[in-house]
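J.: What follows is a predicted protein model with its sequence.
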Amino acid sequence: MPSLTTLALSRGRVELLLFVRDRRAMVFTFIFPVMLLLIFGSVFNGPVGKTAGVTFSQYFVAGMIASGLMYSGFQNLAITIPMEREDGTLKRLAGTPLPQAAYFAGKVVLVLASLLGQVVLLLGIGVAFFKVTLPSTPAKWFDFAWLLLLGLLACTLLGVAFSTIPKTGRGAPALVSPIVLILQFTSGVFFPYNQLPSWMQHLSALFPLKWLCQGMRSVFLPDAFMYTEPAGSWELRRVALVLLAWIVVGALACATTFRWQRSDER
Amino acid sequence: MGEDLAITVRGLRKSYGQLHAVAGVDLDVHRGEVFALLGPNGAGKTTTVEILEGYRDRTAGDVTVLGEDPAHPSDRWRTRIGIVLQSTSDNADLTVGEVVRHFHTFYPAPRDADSVISAVGLSEKTDARVRTLSGGQRRRLDVALGILGDPELLFLDEPTTGFDPEARRQFWDLIERLKAEGVTILLTTHYLEEAEHLADRVAVIFGGAILEVSTPANLGGRAGAATTVRWLEDGQTRAVLTDQPTRTVLELAGRLDGGEIPELAVLRPSLEEIYLRMIGAAEGSQP
């Protein structure tokens, strides 16, 4: 039997081919975040908080990179998997010897590639126009790496788990996109987190995006900025714990709810 | 299960609440045979086949396909069966070649990708995106994906829907080649001519149950059914229904002084006529 690695790479290749040939996905994954960055970064270019030398655009880049995980992982999968269920892709694959794990591995390849593309793009623009600096120490690069990894796993698993909810492919964006947007607003992507009302802070602290944003800020903003965070520090250990908890939730939800076919076809 | 049986079904039931889509079906499909399942829409054909393919759960009954229960197959089971699905719009932005070569990676001992594309008549479309194919061309791609893994058992669900007559003939040739290689084929179709041409045996399913299993020649008492003898006499088409067509023709020949009988035709009832009679009778006996 073909090895799981061969199959995962085969699926990954096809996922990437379909992705770059999908104009809607390319626009929403790359052009949209870049546009947001350029607009917000140019309009709100003033200082944020009392820390010297930190502008809102720098703050915003950190939040947009965290959002990239939501776009690539959660949003993309929660929309395209229902579409694949509806157009017969999943049914056809279910009739072949392809293991489910290989299908998911292909999705992970896709999410990873689109995430890296976003990060390069956003960081590139941030460094070029908005005085964003790359992580300054090896420790910060290490934090960046595990934040991306845990964030990737959490968002991918949650995206796959959520994909069982939309009943049709066409209805999925209307369900998924508002969730992503609301999370972005309430997790401190578009507005500085410490300026949000405390009930909103408490609500968004239940979800991974707020913590991912916080982690990304620890990587890209000077440490002096941490005093504007709710706990007065970056709380990286807590960030990791929250992400791990969501990974477990996502994995359990996938294992128990994911189906190749709609329930009325079984 | 006997070694020569590809599929055995005993007491198959599938119910959705009060709706009994399949209400007690028994079937045997022998290795190497082409078996056609006929029946109107809603009769339980698709449900039965999807249970055999492992897509649907069953409510009750024993099912064995290539020695395994499709509800709990081994990893290898799906390498031994091929399913030709009615496609909708998947893989639309891949080319034909890309799709076939991709699915090729799933199987331990697949057929050569280019030969499969050629066998279904899509060689010229290898670099065309699936989105640009016509309905009939998409069906050919579905068939290519079904036979790619070199299966022992092939499920064909209404395979020639939307084909022109020439394409249908080419498809029949392909099926006959597969059969000659020993592939077992389970076919559902609405084209009775297709069932007659391809199938070794047919089963008619109606209201979730099998009405009859027989050869196309014998279904519904076809072999002994009355034959129509038709000819032209005095400018008018005449026809008689008879159980002894040879005697009728001889009488005719005698009457017309041994010359050629104009427009003589000796017509056994077609499979379609027999099938429609069976379905009509079954509908009539429904409460």
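T.: Right, received. Where do you want to start?

J.: count of neighbours near B:D112?
T.: Neighbours of B:D112 under the rule other CB atoms under 10 Å in any protein chain shown: 12. Yep, even glycine has a C-beta here, placed from its N, CA and C like the rest.

J.: In the stretch 101-250 of chain B, mark out all the strands, start to finish.
T.: With DSSP state E, counting those that start in this stretch as the criterion, the stretch 101-250 of chain B has strands at B:153-157, B:184-188, B:201-206, B:209-214, B:227-233, B:236-242.

J.: quick one: which of the ones you listed is nearest chain A?
T.: Closest approach to chain A among these (CB to the nearest CB): strand B:153-157, 8.6 Å.

J.: so the residue nearest in space to the middle of chain A, which of the three states?
T.: Nearest to the mean C-alpha position of chain A, by CA atoms, centre = their mean, lies A:L69 at 1.6 Å. A:L69 falls in the helix class when you classify it by DSSP: H, G, I helix; E, B strand; the rest coil.

J.: Any regions of the stretch 151-287 of chain B where pLDDT drops low?
T.: B:258, B:287 (pLDDT under 70).

J.: Ignore what I typed, I meant chain A.
T.: For chain A (pLDDT under 70), the answer is A:50-52, A:262-265.

J.: Counting neighbours, what do you get for B:A144?
T.: 24.

J.: about what we covered before: now do the same contact list for the residue nearest to the centre of chain A.
T.: A:115, A:148, A:151-152, A:154-155, A:212 (CB atoms under 8 Å, 6 or more residues apart in numbering or on different chains).

J.: Tell me the one of these nearest A:T256?
T.: Closest approach to A:T256 among the contacts of A:L69 (CB to CB): A:A154, at 17.1 Å.

J.: mind checking which helix or strand that closest one is in?
T.: helix A:138-162 (DSSP states H and E).

J.: do the same with B:L12
T.: Here B:L12 is assigned to strand B:5-16, by DSSP H and E.

J.: How about residues contacting that strand?
T.: B:1, B:20-31, B:44, B:47-48, B:51-52, B:56-66, B:152-153, B:184, B:186.

J.: moving C-terminal of that strand, what's the next helix or strand?
T.: strand B:19-30.

J.: for that next one, what is the average pLDDT?
T.: For strand B:19-30, the mean per-residue pLDDT is 93.

J.: Which positions within the helix holding A:A154 qualify as buried?
T.: Of the residues in helix A:138-162, A:143-144, A:147-148, A:150-162 count as buried by neighbour count, 16 or more other CB atoms under 10 Å in any protein chain shown.

J.: Filter the residues you listed to keep only those in contact with chain B.
T.: When contact is defined as CB under 8 Å from any CB of the partner chain, the buried residues of helix A:138-162 do not meet chain B at all.

J.: Longest helix of the chain, counting residues only.
T.: Reading this off chain A. Criterion DSSP state H: the longest helix present in chain A is helix A:100-129.

J.: that answer is for a different chain, and I need it for chain B
T.: Max-length helix for chain B by DSSP H is helix B:165-180.

J.: Next, the contact list for the residue of chain B most remote from its centre, please.
T.: For chain B, the residue at maximal distance from the C-alpha centroid (CA atoms, centre = their mean) is B:D257, at 45.7 Å. Contact analysis of B:D257 by CB under 8 Å, 6+ apart lists nothing.

J.: do B:Y107 as well
T.: With contact taken as CB under 8 Å, 6+ apart, B:Y107 is in contact with A:2, A:96-97, B:79, B:148-150.

J.: I'd like to know which of these is nearest to B:Q236.
T.: For the contacts of B:Y107, the nearest to B:Q236 is B:L148 (56.1 Å; CB to CB).

J.: what sits up against the helix holding A:A154?
T.: Helix A:138-162 is contacted by residues A:66, A:69-70, A:72-78, A:81, A:104, A:107-108, A:111-112, A:115, A:119, A:135, A:176, A:208, A:212, A:215-216, A:218-219, A:236, A:239-240, A:243-244, A:246-247, A:249-251, A:253-254, A:257-258 when judged by CB under 8 Å, 6+ apart.

J.: what does stretch B:30-43 give?
T.: With CB under 8 Å, 6+ apart, stretch B:30-43 has contacts from B:3-6, B:29, B:45, B:48-49, B:152, B:175, B:179, B:182-189, B:192, B:194-195, B:198-208, B:275, B:279.

J.: And those, which of them are buried?
T.: Here, 16+ other CB under 10 Å leaves B:5-6, B:29, B:45, B:48-49, B:152, B:175, B:179, B:183-189, B:192, B:194-195, B:198-199, B:201-208, B:275, B:279 buried among the contacts of stretch B:30-43.

J.: quick one: is stretch B:109-127 near chain A?
T.: No - contact of stretch B:109-127 with chain A (CB under 8 Å from any CB) is absent, the minimum separation being 9.8 Å.

J.: Report how far apart the opening and closing residues of that stretch are.
T.: Stretch B:109-127 has its terminal residues 24 Å apart, counting by CA to CA, to the nearest Å.

J.: In stretch A:12-25, which residues are buried?
T.: A:12-15, A:18-19, A:22, A:25.

J.: Kindly report the same for stretch B:8-22.
T.: So for stretch B:8-22, counting by 16+ other CB under 10 Å, buried means B:8-9, B:12-14, B:20-22.

J.: now for those, which pair is the farthest apart?
T.: Top of the distance list for the buried residues of stretch B:8-22 (CB to CB): B:T8 and B:H20, 21.2 Å.

J.: I'd like to know how far A:P135 sits from A:R217.
T.: A:P135 sits 12 Å away from A:R217, going by CB to CB, to the nearest Å.

J.: go on, B:D57?
T.: Between B:D57 and A:R217 the distance, using CB to CB, works out to 50 Å.

J.: between the two, which one's more packed in?
T.: A:R217 (25 against 11).

J.: Show the backbone phi and psi for the closest residue to the more buried one other than its chain neighbours.
T.: Spatial nearest neighbour of A:R217, chain neighbours left out: A:A62 (4.6 Å); criterion: CB to CB, 6 or more residues apart in numbering or on different chains. Torsion angles at A:A62 (phi, psi; degrees, to the nearest 10) stand at phi -60, psi -40.

J.: Would you confirm that A:A62 contacts A:P222?
T.: No - at 11.8 Å, A:A62 does not count as touching A:P222 under the criterion of CB atoms under 8 Å.

J.: Give me the more crowded residue out of those two.
T.: Per other CB under 10 Å, whichever of A:A62 and A:P222 has more neighbours is A:A62, with 25 against 14.

J.: Distance check, the more buried one against B:R131.
T.: 40 Å.

J.: A:L183: what's it in contact with?
T.: Per CB under 8 Å, 6+ apart, neighbours of A:L183: A:70, A:204, A:207, A:209.

J.: rewinding a little: okay if I get the contacts of B:Y107 as JSON lines plus neighbour count and distance to A:I39?
T.: Listed next are the contacts of B:Y107 as JSON lines, based on neighbours: other CB atoms under 10 Å in any protein chain shown; distance: CB to CB, whole Å:
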{"residue": "A:P2", "neighbour count": "18", "distance to A:I39": "47"}
{"residue": "A:T96", "neighbour count": "19", "distance to A:I39": "45"}
{"residue": "A:P97", "neighbour count": "21", "distance to A:I39": "48"}
{"residue": "B:T79", "neighbour count": "21", "distance to A:I39": "53"}
{"residue": "B:L148", "neighbour count": "25", "distance to A:I39": "49"}
{"residue": "B:G149", "neighbour count": "25", "distance to A:I39": "51"}
{"residue": "B:D150", "neighbour count": "17", "distance to A:I39": "56"}
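
J.: Appreciated, that's everything.
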